[in-house]
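Undergrad: pasted the sequence and its predicted model underneath.
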Amino acid sequence: MTWYRSLYWRIAVGFTACLALLLLVQGMLFVWMMAQAGSAIPNQPPDRLAQTIASDVADALDRDASLDIDHYVRQEFAKDSQPFFVALVEGRDLEIGARFPNAVKTEARQRVEAMHALDPERLVRRPPFGRGGNPGFPFPGAGRGGNDGGSPYRQVPGAAAGGGFTQGRGGPPGFRIGRPWPIVAGGRFVGLVVVPPEPPFGFLLTHYAPTLVTVAGATLILGAVLAAFVIFGPTRKRLKGVEDAARRLGGGDLSARAPAGGNDEVAAVGAAFNVMAEELAARTDALVAADRARRQLLADVSHELNTPVTAMRGYLETLSMPELRLDDATRARYLGIVGEETSRLERLIGELLDLARLEGGGSALQVERLRTADLFARVLDRHERAAAAAQVFLSTTIDAGADTLAGDRVRLEQALENLAANALRHAPEGSTVELRARNEGSTVALLVTDHGGGIPVEHLPRIFDRFYKADQSRAALAGAAGGSGLGLSIVKAIAERHRATVSVSSVPGHTVFTIAGLRREAGDSAPAVPAGTRPAR
């Protein structure tokens, strides 16, 4: 999985984008609020704001000498963007927008007392920031070609000419007060207006913190909702699909599948879940098939064992009846049938035990170097009388290089004998059953061919199943009796124990069983052995 398709990468990018959006929106709102807050007296530096307030209050006093300065100042300037301080001659201090330190108010009070002691006739009203002179205390002669020579600041110890309060007079570090401006109305000194160059942090916190907190909270909630829907919404939906599929699968619905679209971690989990579900469904189907096969096997075994047992019991009961008088020939025939059924039962039980040992790995193979001609000779000897009785010829062919192989002699003989017996049961009179060893490079294939009626196509997939019989098609055509239905199953088990395979191909008149994949043993290179035929006797 490439890194840019990762769910974590997408979440990181989404959060970064949301944070950037939140910061942008909050910055724009802050700029807008600052612009709105400063719209009452735009672009006013602290000194000019102090002069403006002093001039406005003086004009109001000129119009109404009984004016309540406290009420007027708070009504007109309390909403300004900067705090200021008014020290009145009458002893009152007006703090607008912030609380000022006692040291600053004490120094301001000293300056008010010093200015109040001056001759009121020396104080002259001037327009705010008029031309000439500097923006200090106006007094007679100021602005005529020089400095403010008679400035009352010079009469206050520690006050610089034309200067304002500094932090050197006991004020707290960092709390600076700008140039004070006098309020002169009706030829009398009323008080001082002081505006700090920078608003105190407490003032900014008091004025802007609630708004900023509200805006930040609203933006954060909006961003969280947006992130929940855009970033986590699709992921949650897909994970919910995986959860639902897991619950359905746990409840027994083997068709449950999780959504696996996409290329991220959730898709990988969904794909892994689907693979697990498919494997679980396959295993469940296999278990169901195995259980069905087990039940069928029990039924088949019961049937196959019950048939000879029933026959034996019937004849034995007949023989044991004292009131029934049988001649010697009938009694001998009944006892012969009981013996045949006993042999049949013994053979069936032996085949079942062989099959169980082979499929369960209970018996170890004795692998050795074998001569193919010896295997074929023993099979021919074993079935020579049966072939003669059926008027069928037996032939063998061994290709060059297929004269030796590795395997268990007893088991391979058993497999070939079962195939030969099966072929003889279905071979018509006058035909030939052929045994052939074919060289296939590093392996050898053993083939058994007959020329009977063939096996119908619908029976081929199940021909090696236990107790499965196609005798109703083959035996009926050949007029032969059927076997137990275990012979071909034993052949398959022997081939698989040798890590080989067994297969069948059949058309009417030509059926071939092939055991392929037997390990070839190196030996003397011998020419092909021509077909040898044993005629029926």
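TA: That came through, no problem. Numbering: from 1, shown residues only.

Undergrad: can you give me the strands for the chain?
TA: Taking DSSP state E as the test, the strands found in the chain are 84-88, 93-96, 181-185, 188-194, 367-371, 393-398, 404-408, 432-440, 443-450, 501-507, 510-519, 529-534.

Undergrad: can you tell me what sits against the longest one?
TA: What it means is strand 510-519. Residues from elsewhere that reach strand 510-519 (Cβ atoms under 8 Å, 6 or more residues apart in numbering): 405-407, 412, 415, 419, 422-423, 426, 440, 442-452, 454-455, 491, 495, 498-506. (Glycine included, C-beta is placed from N, CA and C.)

Undergrad: who's in contact with residue 441?
TA: residue 520.

Undergrad: quick one: pLDDT of it?
TA: At residue 441 the predicted local confidence, pLDDT, stands at 89.

Undergrad: tally of neighbours for residue 374?
TA: Each residue near residue 374 was counted by other Cβ atoms under 10 Å, and the total is 12.

Undergrad: which residues touch it?
TA: Under the criterion of Cβ under 8 Å, 6+ apart, the contact list for residue 374 is empty.

Undergrad: tell me the confidence at it?
TA: For residue 374, the pLDDT comes out at 93.

Undergrad: ok, the one 10 residues further on next?
TA: Residue-level confidence at residue 384 comes out at 89, pLDDT.

Undergrad: so residue 74 sits against residue 96, correct?
TA: Yes: between residue 74 and residue 96 there is a contact under Cβ atoms under 8 Å: 6.6 Å.

Undergrad: the two: who's more crowded?
TA: Neighbour tally, residue 74 and residue 96, criterion other Cβ under 10 Å: the higher count belongs to residue 96, 22 against 13.

Undergrad: what residues are bridge-paired with the more buried one?
TA: Beta bridges link residue 96 to residue 84, judged by DSSP bridges.

Undergrad: from residue 105, how far off is it?
TA: Remark: distance between residue 96 and residue 105 (Cβ to Cβ, to the nearest Å) = 13 Å.

Undergrad: any idea of the mean pLDDT in stretch 183-196?
TA: When pLDDT is averaged over stretch 183-196, the result is 84.

Undergrad: quick one: that stretch to chain centroid distance?
TA: On the basis of Cα atoms, centre = their mean, to the nearest Å, stretch 183-196 is displaced by 76 Å from the centre of the chain it belongs to.

Undergrad: one step back: the contacts of strand 510-519, buried ones only, as a PyMOL selection?
TA: Typed into PyMOL, the line below selects the buried ones among these, using 16 or more other Cβ atoms under 10 Å:
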select buried, resi 405+406+407+412+415+419+422+423+426+443+444+445+446+447+448+449+450+451+452+454+455+491+495+498+500+502+504+506
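
Undergrad: now do the residue nearest to residue 380 when sequence neighbours are not counted, the pLDDT please.
TA: For residue 380, the nearest residue in space outside its immediate sequence neighbours is residue 394; the separation is 5.3 Å by Cβ to Cβ, 6 or more residues apart in numbering. Turning to residue 394, the model gives it a pLDDT of 93.

Undergrad: burial count for residue 394?
TA: Residue crowding around residue 394 was assessed by other Cβ under 10 Å; the count is 25.

Undergrad: how about residue 183?
TA: Around residue 183 there are 24 other residues, counting by other Cβ under 10 Å.

Undergrad: ok, it touching residue 189?
TA: Yes: using Cβ under 8 Å, residue 183 is in contact with residue 189, at 7.5 Å.

Undergrad: please go through this protein and pick out the longest helix.
TA: Scanning the chain for the longest helix, with DSSP state H as the assignment, gives helix 265-319.

Undergrad: so how far is that helix off the chain centroid?
TA: Taking the mean of its C-alpha atoms, helix 265-319 sits 36 Å from the chain's own mean (Cα atoms, centre = their mean).

Undergrad: use 809 as the first number for this chain going forward.
TA: New numbering, starting at 809: the last item is helix 1073-1127.

Undergrad: who does that helix touch, helix- and strand-wise?
TA: Counting by 3 or more Cβ pairs under 8 Å, 6 or more residues apart in numbering; DSSP states H and E, the packing neighbours recorded for helix 1073-1127 are helix 815-845, helix 1041-1058, helix 1136-1168.

Undergrad: export these to TSV and tack on mean neighbour count and distance to residue 1272?
TA: Putting the helices and strands packed on helix 1073-1127 into TSV (neighbours: other Cβ atoms under 10 Å; distance: least, Cβ to Cβ, whole Å) gives the following:
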stretch	mean neighbour count	distance to residue 1272
helix 815-845	13	50
helix 1041-1058	15	34
helix 1136-1168	14	11
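
Undergrad: as JSON lines, those with distance to residue 865 and mean pLDDT would be great.
TA: As requested, the helices and strands packed on helix 1073-1127 are exported to JSON lines (distance: least, Cβ to Cβ, whole Å; pLDDT from 0 to 100):
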{"stretch": "helix 815-845", "distance to residue 865": "22", "mean pLDDT": "69"}
{"stretch": "helix 1041-1058", "distance to residue 865": "60", "mean pLDDT": "83"}
{"stretch": "helix 1136-1168", "distance to residue 865": "112", "mean pLDDT": "79"}
